[in-house]
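> Could you look at this predicted model? Sequence included:
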2 protein chains.
Amino acid sequence: MSNNPYTALETRFRRYSALSGASAILGWDQETMMPSGGAEARAEQLATLDVLQHELLSAPAVGEELAEAEAATATLTPWQQANLREMRRVHTNETVAPADLVEARSRATSACVNAWREARRQDDFSAVSDKLAKVLDLTRQYGEIKAEKLGCSLYDALIDSYEPGGTMAWIDPIFATLKTELPALMDGILAHQAAGPAPLAPEGPFPAAKQKALGEKVMAALGFDFTHGRLDESAHPFTGGIPEDIRITTRYSEEDFTRALMGVIHETGHALYESGLPQDWRGQPVGSSRGMVMHESQSLLMEMQACRAPAFYRFLAPLAAETLGADGPAVTPENLNRLGHRVSRGLIRVDADEVTYPLHVMLRYDFEKALLSGDLQVKDLPGAWRDGMKTALGVAPEDDRDGCLQDIHWYHGSFGYFPTYTLGALAAAQLFKAAKDALPELDAQIAEGDFAPLLGWLRANVHEKASSRLTDEILTEATGAELGADAFLAHLRTRYLG
Amino acid sequence: MSNNPYTALETRFRRYSALSGASAILGWDQETMMPSGGAEARAEQLATLDVLQHELLSAPAVGEELAEAEAATATLTPWQQANLREMRRVHTNETVAPADLVEARSRATSACVNAWREARRQDDFSAVSDKLAKVLDLTRQYGEIKAEKLGCSLYDALIDSYEPGGTMAWIDPIFATLKTELPALMDGILAHQAAGPAPLAPEGPFPAAKQKALGEKVMAALGFDFTHGRLDESAHPFTGGIPEDIRITTRYSEEDFTRALMGVIHETGHALYESGLPQDWRGQPVGSSRGMVMHESQSLLMEMQACRAPAFYRFLAPLAAETLGADGPAVTPENLNRLGHRVSRGLIRVDADEVTYPLHVMLRYDFEKALLSGDLQVKDLPGAWRDGMKTALGVAPEDDRDGCLQDIHWYHGSFGYFPTYTLGALAAAQLFKAAKDALPELDAQIAEGDFAPLLGWLRANVHEKASSRLTDEILTEATGAELGADAFLAHLRTRYLG
């Protein structure tokens, strides 16, 4: 180890990053390649890597190095200072809770997720409610310890694990605007939509191999570098791997090619963010993606802003027709545009359109705060869900499978995650508007499948900043304003009522 | 950690095994899935895991635990005692050399292997000879340190890394028999072959997808469990992964389906050994495969003994015809049998038939001993190779590409490895003879594609013994004799002159 505490920390975090990179590839393999009989040994490998990562940062020397480096920041460059700040954040997250609580929480969430899969299949919330209560209790214990350390509220401490520095005070006014504006806007859009023509569904089957070819062509157009990544299949699409070797996955339905395609575009947005992180800071905390809000903004900017723009369908329609061997009135730019902009009051978050999606998220935001504070009991969740959906969206599920059993997050102990989806959608709208202002030809470029200018703008204004600044700082530099709902609401009005 | 030193060691070695398992999957991914741009980050991940494995065993506590446990073996079961012995072996291999020598050797072999690839392409031995001399020198230094620790000769210390307990004193008399018998036998076989009909080459192209389907059917017949493994493609076929999740690879030539198929069968033999290791000892040194001789015996028993038996071709011919959509006189049992038993004086070891293969190996055995002792200088290797080939096989390469540049082993620092190929072939013949004696219906079973009885015999007599005994002990229990050349020579006479 170097005598310089900052340099010693860089070495240590490089090793930490190599271990998390190894876990990322093994996690990808688990979902895409691993035969079922490998599960137990894989869990052992991943747990061992976790323990070693923990040991690497929980050694007493690390705390001393951090304190020494923090006492001598004058000698560091701004990026080194930011790196040191992020090292402290990672260190806190890794070491804040006692080992027995971490282990108890890990066991409880594993048991709860397994029970949830079965409970969801059986539509039997009671089969998992005790385990969920246990996860909630342990998450609360964890959050309280972290809140005390950070000097913040319980819920803010949990948000921070997904969105560094994120707080209720930041989210609440933004969500208040959405709650005021969105219901009436939704009604107006639905009425406007009902008065227009219905889209035609393209007629399949569309073989998976052809859909994959189409997906890869669109990925390449967006700027995905196949010498640094792959596209594969998994039951639940995700973006995995590491910046140098990004693994995105999708799932094909032979009946509907647009679903996998829009999923691929979404994951490509995540992938482009990772691959655009600064080369010089690979393996260091400051060189990592900022948080879930910025990450989701990059996937949604591609999926919802750029690639559901009418201009994009002018690029997509002939490419899809040629690659899939499909044609006719369903595979025209106009019809694909109509298909891509269908709005409905649905029960399922992951199937929701961009207009109604925030209503799903805000419901969960309110519920998880109430669960953590004790205002809502786990046993009362199914009823509260039905009532909440009726109020927010005007529809309510007949069963819990399409209700409070639909999402894995809480069963997995992820409280504080849901708001990042909608904050990401807002950030995407805000960033895309700024990009359009900076790139007057953007619409025409997208219609040509030329995404290089847009990607260049994102590289310079988002990707290359990595974790050197907080989300709102990056947004302010890029768009002139902190995160808000205006650009998103204006986008919806233009697209759906314009 | 437990107070019981033996139990503490088991815990430590379980973690060590989880790390090597993680490396094994990452290594497989590197050869099969990884995009080229991921290479540098992957090297970093694998190097980090290596360092952590080394640190795990080089901690002073391990030496103390080993000494304490060895002083109290009376409390251990025989398998625990064997495990302790194997722990000591792993510990010695991991810690015997000083860290700076290990690192210097690692760097030198990396540089040498890279230079070798280019030198081989350019057919320019002089471009790599200095680097080979350096690798040889560092390997000699390593071997001398290990030899002193084990109280054995330099070359025996190197063999021990591939075949625990293997010695020149064990190999020399066996190879002496082969050197006496094999040349005349080869001449006789070639004369006999020349008097018979020439085989027909099946007419391709055989698409890779159909060859893969055929490979998987044969793998399933041999007993490969696809819930615990996969078949994929890579430039250099290998068996990777871990016993619970075995990854075998092959490479398809559309012109010749037998090549990939026999490769798949070979790797399946390796895979069946790994999957048959005792469940109760997974993750412990005693539960690992014995060494390269036994491993190669399992691959060659399947490839050369069972699946080049005339009976096997009666099973294969209709299956290949159906799966590949091929028929005609080239895909009959008789012709495939003739094709599979073609003997020739060739230049390339990996293309050699089972009759001439040991001649290639023994040449390398003599050369590597001479290189290590200093009797042969690196600069004189090309000439010595040509002379040696002329004497041993009656043919000599016109260039070094097909001569001393053909194999990666020495450039990679692997001295002492080559003999295990031929010792494995001898063990395969000896084990297969014992299996046939124990299973009178074996030939008929193979003709039906029923490998369960053979696999059951191998499980009980080889696989489940893992590293609980030395190679010769396992062979003696299974066949009634220590390793020798008799069964192999008898097998060749029966198959090729019978």
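Thanks, I have the structure now.
> A:Met262 against A:Cys307, yeah?
Yes. If you go by C-beta atoms under 8 Å, A:Met262 and A:Cys307 touch, sitting 7.2 Å apart. Yep, even glycine has a C-beta here, placed from its N, CA and C like the rest.
> Of the two, which one has the most company?
For A:Met262 versus A:Cys307, neighbours defined as other C-beta atoms under 10 Å in any protein chain shown are more numerous around A:Cys307 (26 against 19).
> so what's the residue in the stretch 151-300 of chain A positioned nearest to chain B closest to, chain neighbours aside?
Residue nearest to chain B within the stretch 151-300 of chain A: A:Asp245 (3.0 Å; C-beta to the nearest C-beta). Spatial nearest neighbour of A:Asp245, excluding adjacent residues (C-beta to C-beta, 6 or more residues apart in numbering or on different chains): B:Gly38 at 3.0 Å.
> what sits against the one you found?
B:Gly38 makes contacts with A:His228, A:Gly241, A:Ile242, A:Glu244, A:Asp245, B:Gln30, as judged by C-beta atoms under 8 Å, 6 or more residues apart in numbering or on different chains.
> Which residues of the stretch 151-300 of chain A lie near chain B?
Within the stretch 151-300 of chain A, the positions adjacent to chain B are A:Asp225, A:Phe226, A:Thr227, A:His228, A:Gly229, A:Arg230, A:Gly241, A:Ile242, A:Glu244, A:Asp245, A:Arg282, A:Gly283 by C-beta under 8 Å from any C-beta of the partner chain.
> low-scoring pLDDT stretches of chain A, where are they?
A:1-2 (pLDDT under 70).
> unless I'm mixing things up, the residue of the stretch 151-300 of chain A closest to chain B is touching B:Glu44, no?
No. Using C-beta under 8 Å, A:Asp245 makes no contact with B:Glu44, being 11.3 Å away.
> Who has more neighbours out of these two?
Neighbours were counted for A:Asp245 and for B:Glu44 using other C-beta under 10 Å; A:Asp245 has more, 30 against 20.
> Tell me the buried residues in stretch A:258-271?
A:258, A:260-271 (16 or more other C-beta atoms under 10 Å in any protein chain shown).
> In CSV, could you pull the C-alpha coordinates for it?
Taking C-alpha atoms only, stretch A:258-271 is exported to CSV below (Å, rounded to 0.1, in the frame of the first residue of the first chain):
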residue,chain,number,x,y,z
THR,A,258,-42.6,-4.0,-30.5
ARG,A,259,-42.5,-5.2,-27.0
ALA,A,260,-39.0,-6.7,-27.1
LEU,A,261,-37.8,-3.9,-29.3
MET,A,262,-38.8,-1.1,-26.9
GLY,A,263,-37.3,-3.1,-24.1
VAL,A,264,-34.1,-3.4,-26.0
ILE,A,265,-34.1,0.3,-26.6
HIS,A,266,-34.7,0.9,-22.9
GLU,A,267,-31.8,-1.3,-21.9
THR,A,268,-29.6,0.2,-24.6
GLY,A,269,-30.2,3.6,-22.9
HIS,A,270,-28.9,2.1,-19.7
ALA,A,271,-26.0,0.6,-21.5
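> and the most centrally placed residue in chain A, what does it touch?
The residue lying closest to the centre of chain A (C-alpha atoms, centre = their mean) is A:Glu296, at 4.2 Å. Contact analysis of A:Glu296 by C-beta under 8 Å, 6+ apart lists A:Thr420, A:Tyr421, A:Leu423, A:Gly424, A:Ala425, A:Ala427, A:Ala428.
> Assign a three-state SS to it, would you?
In terms of secondary structure, A:Glu296 is helix; the call rests on DSSP: H, G, I helix; E, B strand; the rest coil.
> helices and strands around the helix or strand encompassing A:Gly241, which ones?
Here A:Gly241, judged by DSSP states H and E, is contained in strand A:239-242. Secondary-structure packing of strand A:239-242 (3 or more C-beta pairs under 8 Å, 6 or more residues apart in numbering or on different chains; DSSP states H and E): helix A:5-32, strand A:245-250, helix A:257-275.
> highest average neighbour count across the ones you listed?
Each of these was scored by mean neighbour count; the highest is strand A:245-250, a mean of 26, by mean count of other C-beta atoms under 10 Å in any protein chain shown.
> quick check: angle from that strand to helix A:5-32?
30 degrees (axes from the mean of the first three to the mean of the last three C-alpha atoms, to 10 degrees).
> Using CSV, write down the CA coordinates of strand A:245-250.
This file holds the C-alpha atoms of strand A:245-250, laid out as CSV (Å, rounded to 0.1, in the frame of the first residue of the first chain):
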residue,chain,number,x,y,z
ASP,A,245,-18.5,-5.4,-21.3
ILE,A,246,-22.2,-4.6,-21.0
ARG,A,247,-24.7,-7.4,-21.1
ILE,A,248,-28.3,-6.5,-22.0
THR,A,249,-31.1,-8.9,-22.2
THR,A,250,-34.6,-9.1,-23.5
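> Report the distance from that strand to the chain centre.
14 Å (C-alpha atoms, centre = their mean, to the nearest Å).
> quick one, phi/psi of A:Lys343?
No Lys there; residue A:343 is Val. Backbone torsions of A:Val343, given as degrees, to the nearest 10, read phi -110, psi 140.
> which residues touch it?
A:Met186, A:Ile189, A:Leu190, A:Gln193, A:Asp353, A:Val355, A:Thr356, A:Tyr496.
> For the helix or strand containing A:Leu336, buried residues please.
Counting by DSSP H and E, the element that carries A:Leu336 is helix A:333-340. For helix A:333-340, a neighbour-count test (16+ other C-beta under 10 Å) marks A:Pro333, A:Asn335, A:Leu336, A:Asn337, A:Arg338, A:Leu339, A:Gly340 as buried.
> How about stretch A:474-482?
Neighbour count says stretch A:474-482 has A:Ile474, A:Leu475, A:Ala478, A:Thr479 buried, by 16+ other C-beta under 10 Å.
> Pull up the gap between the residue nearest to A:Leu56 when sequence neighbours are not counted and A:Glu64, please.
Excluding its sequence neighbours, the residue lying closest to A:Leu56 (C-beta to C-beta, 6+ apart) is A:Tyr16, at 5.3 Å. Distance from A:Tyr16 to A:Glu64, counting by C-beta to C-beta, to the nearest Å: 17 Å.
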